[in-house]
Structure formats: C-alpha cells, structure tokens
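[1] predicted coordinates and the sequence they were generated for:
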Amino acid sequence: MKLLRGSISWVYALLVFGFILLPVASLVVFSFQATNLPLPPFTGPSLRWYEALFADSGMVEALRNSLVVGVVSAFFSTLLGFLSAYGLARYRPDGARVIRAALMTPLGVSYLVIGFGLAITANELALGRSLVLVTLGHIIINLPLAFAILLSQMRDEDETLEKAARDLGANEWVVITRIAIPVLLPGLLAAFLLSFTLSWDEFIIAFFLADFDVTLPIEIWSQLRTGLDAKTNAAGTLVFAISVVALTLAYVLNRAVQQRSRRQ
Amino acid sequence: MHKTRITVSMATLSAAALLLASCAGGTDAEPSSSSQSASTDAAQELNALVWCDHTDPALLAPFEEANNVTVNVRDYEGTGVALGILEQSQPGDWDVFVIDSVDVPRVAEAGLLAELDKADFDFEQFFEEVRLPEIHELNGVLYAVPEKFGYNTVAFNGANVDAEKMRDLSFLWDPELAGKIAIYDYYIPVMEFVGLELGIEPQNITVDDLPAIEARLVELKAQAAQVGDVVSTQTALATGEVDVIVGGGEFSTSVLNAENPDLDWILPNQGGIRWQQAIGVLAGSEKQELATKFVQYIVSAEGQAALATSSCYWGMPANENAALTDEQKDILRWDEQAGFIANSYPYYIPDADLDAAMLDVWTRVIVG
Amino acid sequence: MRHQRSWQGWVLVGPALLVTLVLFAAPMVMVILTSLYRRNGGTTDRTLSLDNYVRLATDSTIHQALLNSLEVVGLTVFFSTLVAYPLAYIIAFRVPTQWQALVLLLTVVPFWTSYVVRSYSWLLVLAKNGVINQTLQGAGLIGDPITLANTRFATVLAFVHFFVMVSTLTIYASLRQIPRNLPLAARDLGASPWHVFTRITLPLSLPGVTVGAFLTFVLAIGDYITPQIVGGGNELLLPQLLMLQVSRRGDFPLAAAMALVLLVIVAAVYVVSAKNLTLERKR
C-alpha cells in the first residue's frame, strides 16, 4: 500500500513537472531550428538564431536593463521590507496593525492598475518615462512581498537572542547586522530572489513606464509583434540557461559555505 | 565563524547591488543613450512613431550610418493608438510620424504636423494615384508625403482554399470556411470590407448602415478562429492555424512567400479596400531638419525598396523608381497594380461620431 | 521605554511607508481623479462627472468583459489549487528534507524564461500543427487536429501553468509549518491517514491555500499578456478592454474607471478571505 502511494506520488510529480516544462522544452528545442518558424517539424540543429541574438544590440541592451532593474528593485524591496518587518516585529509600535495593512495594500492591486496609475501620475508631473520609473514600479510591487516574507520569519525565540546581545552591551547596529540579519538570511535571500524573479519577468508595468530603454519582456514582445522567427526562442533559452547556471552556482557555493563552517 | 562569513557575504551582496544601482543611475542619467553603437558625442537621436514596417534594421541602418544618427522607433497598431501616444507625450518627444494618408487632414488641422517644403520632394516619381494632394496638403501647404500602399482584402492559403471561390466575398461566410478564418484587427478597413459585401461603398457608409454591418460582422466572427494584428494573423496563416485572413492582403503574405509560395491574396469581385501610408514631421519636433532628411530617405529609391520589402509586412512603394528586383516586383504584383487600384476603394475615414460608433460596434463584436 | 520603542519602530517602518505613499497611494488617488474626468474627442475634459461610472453600469460590452474575466480567473484558481496541492504535499512530506529546497527551486526555475516567450510557446505548442496535436495524431487518438490555441481553454491552461507554481510555494510553506508531532500524535491515538489529512493537515494548510488562491486571483484578473497572446482575440477580458481604451481610444478616464472596478473586485475578495490571508505561524 505504501509502495503504491509512493509510486502515485512520483507519477503525479513527474506529470506536473512535465506539464510545467512542456512550453519551456518547446521553447528550447525550437531555438535550434534551422528554418524560420519555431514549429514542428524540427529542422535543426542550428545556431543561427543565437548568432542573430547576439548580433541584436536591442536584445542585449534589454537583457542588461532587465538585470539591472531586477537587482536594484529587489535590493531596495528587500531592504525596505526588512527594515519595516524588523521595526514592526521587534518594536511593536502603536498602530502596528494599520502599518501592516498599509504596507500590504499594493499586493491587492493588479500590476495593470499600478502601472496605469504610475503612468498617468508621471504624465501629470511631466516626468518622462524611463527605466528609473520602471525600477520604482517594481519596488512598490515587491515591497509588500518582501515585508510579508520577512515578517513571517521573525520569530519570538530569535528576539531572545537579540535581547541577550543588548544586555551584553551591543548597540542596535551590531544587533541588526551581527544577529538579526544572519539569522534571517534564508528569509532575506528568499525575499530577494522572489523580488528579482517577479521584476525580471514583469511586463505590464515596464510597458507603461519605459521609453526606448526597454526591459527584456518588452523587447521580446516588440520583436514578436514585428516578425515571426525563432530568435525570441533563443532569447528565452539563453535567459533560462543563465538562470540555471546562476542557481547551480548559488547552490554549490551555499553548500561549500555550510561545509566549511561545519568543519570549523 | 559561520555567521561572520554570512555577514560578509551579505555585505558583499549589498555592495554589489549598490554598485549596479549606480550603474543604472549612470545609464538613466543620459536618457538619450539607447544603443551601444551611439557612443560618440556627435550621435543624435530621432524618435519616430510608425507602423511596424519601419522597425526593420535593414531600413534604418543606411540612414543611421550616413548621418550618424540613431533612429528610435515605436510602432502602433492603428491611428487611434498613435494619437493616444502623442497625447501622452511631451512636445519634442517625437520627430517623425508615419500615418495613414486618410488621417493626414485631421492631424494636420490639429496642428500636429510640421509644414514641409514641396521642393524637397519629387512628386513626379510617385504613382499618380497615390499623390493625392487633396489629402496630403492643407491650404496648399504640404504636410505629409505618401510612402507605401496596399490592400485590405483577403489573404489565403492556396493549398487549402480555392482561389476562384475567393473571388466572391460572400464565400467568407460559407460553412466550408468555419473556424478557418482570422480577422485582421483593424476596424475601419474590415468593417468597410464587410460593407462592400452588403453592397455599401465605403464613402457612403452612415450610422444607419451600422446595424446591418454589425450583424454581418457577428456572423463573420462566428466563422473566425481568431482576431489579431498584422503578425499574429500572418503567423496563423503560416502555421496553418487558419486558411484565410479577412482584411489581409499582400502585407500578410508577401513576407512569408519565400517559405510558402502557396500563400496568396486576391481582390474579390466586390472590390477591396486600399490602404496608404504617409510620412511627416511633427510640429513639436526639435530636429525638423534631420527629420525631413529622414523623410526624404524613406521616399528615395533606396529607402522605398527597403520599406516595400520590410520584415513586418510588404507593400507597394509610392515611388515608382523604388530599387526593387524583378523577383520582388513579381511578388508584389507590380504589373497588375493598375487593375487593383481601379477595383479598390481608399479608406473612408468617417467623422468623429461615426468613427466612435464604428469602434463601439467593433469592440462589442470582439468582446464576445 | 515603551513609548521610545514605539517611536523607534516608526522610524524603521518610515521609509517603507513613505515609498508606499509616493509610489502607490498617490497614483491610486490619480486614478480615482482621472476616472471622474471625461474624454471629449481629442482632449480630456477635467470637469468632475460620473459619466464613466454611468457607462460602466449600463454598457453591456463592459459587463461581458467583466463576466469573461471572472469566469476565466475562477477556473484558473480552481485548477491551479487542485493541481498544486498534491504537488506541495509531495514535496513537503515525501521528498527528503535536504532536497526540498532544490525541488522547489526546480519548480520555479522554468518560470525564469520570460513570461512573454513562454505564453507564445504555449500558443505554438497548442497550435493545430503543434506538439500536442501532432502527438495525439501520431498516437492515433485523433484524426483531424483539434482547436486548442486561441480559445478560452488556452488562456486558462497558460494561466494554470504559471499559478500552479505560485500555489505550490504557498501551500508548501503552510504545510511545513504544521508541527511534526501533531500528525504523529494523532496516528498514535488511532486516527487513520485520511482522518489525519482531513482533520489536521488540510485545515492547517488552509492559509497557504488561501494565500495562493488570492495571489492567483489578483495576478490573473489583472493579466493582459496571457489572454492577449493565447486567447486569439475571440473574447476579451477586462484588462484587454482597459488596454483598448488606453491604446485605441486614448480614453484614460474610462480606463481609470475600469481600473477601479478591478480594484473593487479584488478588495471584495480580500475582505471575504482576510482571516486566512497570512502565512504567519499562529501563536
């Protein structure tokens, strides 16, 4: 019985992962298409679309812009989220409930509306569209998430640790940087990674707020709207490859750090 | 110690983030740097609001190199969209405007277009039927120059659909084509095309005709697998998802001709709608001289050849002397143009009220 | 002492509150204000009026788009949760602890491939001569290709594809917070595995389910890309109608009014599910 339950689990998991990977697999396979259309039959393998991709300065620029916007907005979302979660959990200011509600409200508003709102506001202020606006837009959508994640990670037991440090004479800065942050590291990384992922993939806010310096989703959208070929497949695959490499690196480094500290 | 290492790595991460932030700040501090090649001080920028056929690097590169300019393009799907973009922009944001010829009068009247010097352009080189001074000029002043034209009619896959049957517009509603049609998402030509099937000529359409057109349109939508823009309808035809594009034409099929010569288009007996694009300079532009130079390039023999065979969609060049190869002229059906022009109607742009009413009908039909 | 600590708390929270005020509250006020303007021919008439709201209440096109949205999103939430729950359960309880983080990351990484390209890939996978049809035809299961792309089915499928990942994460987080000894204690006391699931695991994982469902609802109902790419323009959802107002008509006031409709719907859903909308461990 247990064996059967076990195999049902594995079959189910495999099916779901298959479903998740299906469009991605199609994307990757047809990035090596030799002819124009990314459709069966597969006429590859050919690297022509990757060559075209790297020759396309628009795509390369957009990729760089997406990375920068992603890292910067994730950083500030995580920082602001951390400060407010810490302030709320450890200091319990009056009106904590109101503060929490206020910070979480953007979560309940569709990106379309947030982007639209920022666009008409920028227009009223005669502020030109730019990547800065896009970054700001991404900060506001990720801040509530970072805040929520970090708040949920702050546990009472850790507060004891901090109190002990204070009793021993440590000032606030030390308490935060030497104790709170290290303990919270998994949460901080989760918040940062999630914020980055959501910014990286984000289209509609960027669409409303960018001008000619665009992010990758916008560039891909533009290219898909002006021509049908497998170059965008190559772009998507490259992005995927970079993510996998980065993730593997992070995982390997993390294990190395853990092993090193275990040996100490 | 374990925690020290983590603290250090956190600090490194923060430092890296701040470093990148200053990178982003540096990039955005010069809002005009948009391409890696435009790094010299002399490089200027020109911002153009265009149909997607102007985004082809093959079209822009010769002009950019010759003048040390970067041409930033933003494409749109319909004049309404373009006007919305202009409204949302500050003066000086845009320099060049590509617009349907029939929309030039109202845009010129609204003061959006800059006056052009007729001496800068040789109208003798243009096909006679597209010169249309009554549209491109206002009070004798030139505001836009014709650049490209084509037809909104039916495009189809000759391997799956009988070309002869396509000569009758009514065949579109035949059960044989159920689920095999894509409708091009541009309300004016398609609604006027449907009007032709009902025997109404575009210039005679009134609000009273709309209910009949809407009913026929609903029936057409029931036949359709999808409603889409230039590229998605092209894709659908190319992939076999559909066999006919209503409102399509050479602009749908010519670009795909190399891969699939079965893709074709035709003007039915009832006629088709003729589209025409013009290009002008915006009144608010701060680079009028450079913008005018760009316009001249677009209507030159070299520019016209590139524009006619642009990657988004092909079309007939306004300039008869466009430097096209014989093969390209064949695909565009160069020699048959006289007959096509005779059998087609230019877009009829209704007044603002009729326009709004038509868009309402269209939206209602699409929302489902 | 308490007062001082409260003040320090406010200082720490201050920056985030300021950012929220400037980047969120102010734009929302702008949206409300704009919805009270009117679009007149080519310009915006700034005299306040409720015309747009009257239009919202009476225009059947808008009602239809709203209905389409609610139906599509409802289906999405339902199927995403249904598919995600067992997966989250498997990861939380069947996968060895040290591998769980990795498996979760593997669930997320495919979504680092750009939403736009992925949606487009779905369109091609579902096409008449795409992978699915060709496989089904090759296996002899169907004769002619079936229409999968450019339909509501395609939109829901593409949505579910993404939101299964979101719900898996939130449900997993909830499941992991269930104290290990609870199910064990229940088993010791003679409860069947099914009982343990329905009486302990499921209720305690409800916050994760609710958060996942809520996130799915909010993200899906405002989504423009997926229906635009895979829906084929056969039916329009509210975001598409909104973008149509923005792009084709330049009617920002009406678009703003529609945006507020979206806001109100989500707020209503939030109020209904508020109690369960937290992943915090209940003390």
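    On my side now, so go ahead.
[2] the longest helix along chain A and chain C, any residue contact?
    Longest among the helix segments of chain A by residue count, using DSSP state H, is helix A:57-91. Yes. Helix A:57-91 reaches chain C (C-beta under 8 Å from any C-beta of the partner chain) through A:80-81, A:83-84, A:86-88, A:90-91. Glycine gets a C-beta too; all of them are placed from N, C-alpha and C.
[3] who wins on neighbours among those residues?
    Among the residues of helix A:57-91 next to chain C, residue A:84 has the most neighbours (other C-beta atoms under 10 Å in any protein chain shown), with 29 neighbours.
[4] out of the residues of helix A:57-91 next to chain C, which comes closest to residue A:27?
    Of all the residues of helix A:57-91 next to chain C, the one with the least separation from residue A:27 (C-beta to C-beta) is residue A:81, at 32.3 Å.
[5] and that closest one, how close does it get to chain B?
    14 Å (C-beta to the nearest C-beta, to the nearest Å).
[6] phi first, then psi, for the closest residue in space to that residue that isn't next to it in sequence.
    Sequence neighbours aside, residue A:146 is the residue nearest to residue A:81 in space, at 2.9 Å (criterion: C-beta to C-beta, 6 or more residues apart in numbering or on different chains). In this entry, residue A:146 is assigned phi and psi values of phi -60, psi -40 (degrees, to the nearest 10).
[7] quick one, what contacts residue A:146?
    Residue A:146 is in contact with A:77-78, A:80-82, A:191-192, A:194-195, counting by C-beta atoms under 8 Å, 6 or more residues apart in numbering or on different chains.
[8] where does confidence bottom out across those residues?
    Lowest in pLDDT among the contacts of residue A:146 is residue A:194, which has 79.
[9] shouldn't that residue be in contact with residue A:147?
    No. Between residue A:194 and residue A:147 there is no contact, the gap being 11.7 Å when judged by C-beta atoms under 8 Å.
[10] the two: which is more packed in?
    Residue environment comparison for residue A:194 versus residue A:147 gives the larger neighbour count to residue A:147, 28 against 19, counting by other C-beta under 10 Å.
[11] element containing residue B:155?
    Element membership for residue B:155, per DSSP states H and E: strand B:145-157.
[12] what ranges does chain C have for its strands?
    Here chain C has its strands, by DSSP state E, at C:38-40, C:43-45.
[13] partners of the last one, with directions?
    Okay, so that is strand C:43-45. The sheet places strand C:43-45 alongside strand C:38-40 (antiparallel), with pairing taken from DSSP bridges.
[14] list the buried residues for the partner strand?
    When neighbours are counted by 16 or more other C-beta atoms under 10 Å in any protein chain shown, the buried residues of strand C:38-40 are found to be C:38-39.
[15] look up how far residue A:65 lies from the residue nearest to residue C:114 when sequence neighbours are not counted.
    If you skip the residues right next to it in sequence, residue C:114 has residue A:236 as its closest partner in space, 5.1 Å away by C-beta to C-beta, 6+ apart. Separation of residue A:236 from residue A:65 (C-beta to C-beta, to the nearest Å) stands at 17 Å.
[16] give me the pLDDT for the residue nearest to residue C:114.
    Residue-level confidence at residue A:236 comes out at 82, pLDDT.
[17] and it, what helix or strand is that in?
    helix A:231-263.
[18] run a quick neighbour tally on residue 49.
    Defaulting to chain A. Other residues within reach of residue A:49 by the criterion other C-beta under 10 Å amount to 24.
[19] actually chain B
    By other C-beta under 10 Å, neighbour count at residue B:49 equals 24.
[20] tell me the secondary structure for it?
    On the three-state scheme (DSSP: H, G, I helix; E, B strand; the rest coil), residue B:49 is labelled strand.
[21] find me the pLDDT at residue 135, would you?
    The chain I'm using is chain A. pLDDT for residue A:135: 97.
[22] chain C was what I was after
    pLDDT, residue C:135: 88.
[23] can you give me the strands for the stretch 51-200 of chain B?
    Taking DSSP state E, counting those that start in this stretch, the strands of the stretch 51-200 of chain B run over residues B:69-75, B:96-100, B:137-138, B:141-142, B:145-157, B:181-184.
[24] CA atoms only for the longest one, dumped as PDB, please.
    Taking C-alpha atoms only, strand B:145-157 is exported to PDB below (Å, rounded to 0.1, in the frame of the first residue of the first chain):
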ATOM      1  CA  VAL B 145       4.400  62.500 -48.200                       C
ATOM      2  CA  PRO B 146       2.900  59.300 -49.500                       C
ATOM      3  CA  GLU B 147       5.300  56.300 -48.900                       C
ATOM      4  CA  LYS B 148       3.600  53.000 -49.300                       C
ATOM      5  CA  PHE B 149       0.200  51.400 -50.200                       C
ATOM      6  CA  GLY B 150      -1.500  48.100 -50.400                       C
ATOM      7  CA  TYR B 151      -4.800  46.400 -50.000                       C
ATOM      8  CA  ASN B 152      -7.000  45.100 -47.200                       C
ATOM      9  CA  THR B 153      -8.800  42.300 -48.900                       C
ATOM     10  CA  VAL B 154      -8.400  38.500 -48.400                       C
ATOM     11  CA  ALA B 155      -5.200  36.600 -48.000                       C
ATOM     12  CA  PHE B 156      -5.400  32.900 -48.100                       C
ATOM     13  CA  ASN B 157      -3.600  29.600 -48.300                       C
END
